[in-house]
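[1] Pasted the sequence and its predicted model underneath.
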Amino acid sequence: MTITLLPISFPPSLDPTRFGQFGREVKDVHPGHLNGGQFEELEKALYTHDLLLFRNLDLTPEEQYKLVKKFDPNSEHYGHGNRSLDKATESIIHSYVKSLPFVPQVQIIGHGTVQNHEGIEEITLKHGRHPEFHKTSLSTEDEAGGFTRFFRWHMDAALYDLAPPKVTALYGLKVPRGPLQTVRYGDGSRDELPVPLGTTAFVSGKIMFDILSDTMKSLAVRATATYAPHPFQWIKNSKAFSTGLGLVSEGLEMPLDLLPSWEEEKIKKYPFVWKNTTTGHLHLQVHPCAIKEIDIQPLKYLKNAKRNALYPQGGKITDLKAIRDLIHEMQRPGIAPQLVYPHAWEEKDLVLFNNRGLMHSVVGVFREGQVRLFHQCNLAASSEVVGPNEADIEKWA
Ligand SMILES: [Fe+2]
């Protein structure tokens with residue numbers, strides 16, 4: 001039996017002309033009980049549409065873990081590493097996720113106090129709220145009036161030792177109801193975006209790449225990011241831009257010799273552009289907070305070289321402010337209000353997304369007593385990301 005794919009509904013804020021292939025709702029099949037051929041269809045649909053939605057689904061943590069593992073059968077551990085997560089109390093990730101005792105690859109995330117859940121007697125969850133992470137904050141009155149911010153744009157990845165997960169599965173068990181909130185970008189742009197309470201906001205790395213200028217595309221296909229060792233401990237004192245897209249540079253990063261021990265071989269270097277091997281599309285996928293250095297290849301195909309190419313002889317950027325300003329310049333157009341898909345969660349929604357093709361952010365603020373409960377699963381991949389090939393570099397550099 002083939003699976004049924006329907007378009008997902010978009011908010012009026014979104015530019016549908018850019019999102020024709022983005023997102024599908026999967027009907028008439030339970031992702032925990034797929035029969036012959038159905039998984040292959042689902043996998044192809046996921047990498048073709050980047051985000052799949054199942055509505056009104058009952059899904060156990062074991063089913064969720066097994067489903068995610070099917071996309072990468074040789075993967076085993078949670079994307080941030082179960083053991084390292086449990087030990088790394090200093091990491092900024094640790095405050096927001098906790099492992100389920102019986103299925104440690106599935107994390108519990110959300111907001112508020114939950115009792116007697118999957119072997120956990122009581123747990124108090126904390127939804128990321130921008131004043132904990134941003135350099136500036138909205139006023140208390142604005143926040144009470146329904147204004148909010150993107151918390152932190154990212155792909156799910158440890159970016160040290162472990163390879164970025166291929167797929168993330170987010171399953172909503174408790175979704176508090178409330179009026180729309182308004183994301184205020186706060187970067188001098190006047191950009192605002194109405195969002196459902198507690199939305200997860202997604203942007204497409206493909207669109208982010210497609211809308212770059214030729215000059216920036218040329219740089220993107222030649223650039224490699226080096227991420228810091230234990231990046232989420234390295235930046236634990238740093239503060240983010242009001243867009244949630246990268247960090248203000250104030251010299252607050254932890255000196256490398258004060259981090260937990262690390263090995264040079266485990267440091268991650270990834271191309272800025274990741275190739276979707278199902279569609280052949282290029283996606284701009286740079287973690288704007290964790291990046292520490294940029295290496296740029298020289299132009300190789302001089303007859304095709306873009307005019308005004310940046311760094312025609314190649315180069316290396318090590319100044320953090322210069323790195324972050326450049327990444328912000330490249331990524332900011334891709335989070336414009338009309339290019340953000342804010343998912344309107346309903347209870348028992350499962351969203352599966354291509355973690356190597358999208359970026360996402362927690363959004364919103366909950367009132368006292370509002371409880372949000374989600375199960376999240378992603379697994380450190382068994383193989384590394386794929387960058388642009390020679391033909392891509394020849395075409396775009
Ligand atoms: Fe995430």
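    Noted; the coordinates are in hand.
[2] For stretch 273-281, which residues meet the burial criterion?
    Under the neighbour-count criterion of 16 or more other Cβ atoms under 10 Å, stretch 273-281 has 273-276, 279, 281 buried. Using the backbone N, CA and C atoms, a C-beta is placed for each residue, glycine as well.
[3] Out of these, the closest to residue 316 would be?
    residue 273 (18.1 Å; Cβ to Cβ).
[4] Residue 120 touches residue 108, doesn't it?
    Yes - if you go by Cβ atoms under 8 Å, residue 120 and residue 108 touch, sitting 7.2 Å apart.
[5] shared neighbours, those two?
    Counting by Cβ atoms under 8 Å, 6 or more residues apart in numbering, the common neighbours of residue 120 and residue 108 are 98, 100, 114.
[6] Identify, from those, the entry nearest to residue 21.
    Nearest member of the shared contacts of residue 120 and residue 108 to residue 21, counting by Cβ to Cβ, is residue 100, at 33.6 Å.
[7] thinking again about what came up before, looking at the shared contacts of residue 120 and residue 108, spot the one nearest residue 144.
    Distances from residue 144 to these, taken by Cβ to Cβ, are shortest for residue 114, at 24.9 Å.
[8] Got phi/psi on residue 152?
    The phi and psi values for residue 152, taken as degrees, to the nearest 10, are phi -160, psi 110.
[9] ok, it to residue 232 distance?
    For residue 152, the distance to residue 232 equals 10 Å [Cβ to Cβ, to the nearest Å].
[10] ends of stretch 156-163, how far apart?
    Stretch 156-163 has its terminal residues 10 Å apart, counting by Cα to Cα, to the nearest Å.
[11] no, scratch that, I was asking about stretch 367-375
    Taking Cα to Cα, stretch 367-375 runs 21 Å from one end to the other.
[12] Do I have it right that residue 150 meets residue 335?
    Yes - the criterion here is Cβ under 8 Å, and residue 150 meets it with residue 335 at 7.2 Å.
[13] shared neighbours, those two?
    Residues touching both residue 150 and residue 335 (Cβ under 8 Å, 6+ apart): 243, 245.
[14] Compare those two and say which is more crowded by neighbours.
    The neighbour count for residue 150 versus residue 335, taken as other Cβ atoms under 10 Å, is higher for residue 150 (31 against 22).
[15] on that earlier part again, which two among the buried residues of stretch 273-281 are spaced furthest apart?
    Greatest spatial distance among these (Cβ to Cβ): 273 and 279, at 13.6 Å.
[16] Where does residue 67 fall, secondary structure wise?
    Here residue 67 sits within helix 61-70, counting by DSSP states H and E.
[17] Can you name every helix or strand that that helix contacts?
    Using 3 or more Cβ pairs under 8 Å, 6 or more residues apart in numbering; DSSP states H and E, the elements in contact with helix 61-70 are strand 106-117, strand 167-174, strand 372-378.
[18] quick revisit: dump the shared contacts of residue 120 and residue 108 to a markdown table, plus pLDDT.
    Converted to a markdown table, those look like this (pLDDT from 0 to 100):
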| residue | pLDDT |
| --- | --- |
| 98 | 84 |
| 100 | 90 |
| 114 | 90 |
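[19] Reformat the residues you listed as CSV; add neighbour count and distance to residue 346.
    Formatted as CSV, the shared contacts of residue 120 and residue 108 follow (neighbours: other Cβ atoms under 10 Å; distance: Cβ to Cβ, whole Å):
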residue, neighbour count, distance to residue 346
98, 18, 24
100, 20, 22
114, 20, 19
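[20] Let me have those residues in CSV, extended by distance to residue 195.
    Shown next, in CSV, are the shared contacts of residue 120 and residue 108 (distance: Cβ to Cβ, whole Å):
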residue, distance to residue 195
98, 25
100, 28
114, 24
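[21] looking at this protein, which residue ends up farthest from its center?
    No residue in the chain sits farther from the centre than residue 303, which is 36.3 Å out by Cα atoms, centre = their mean.
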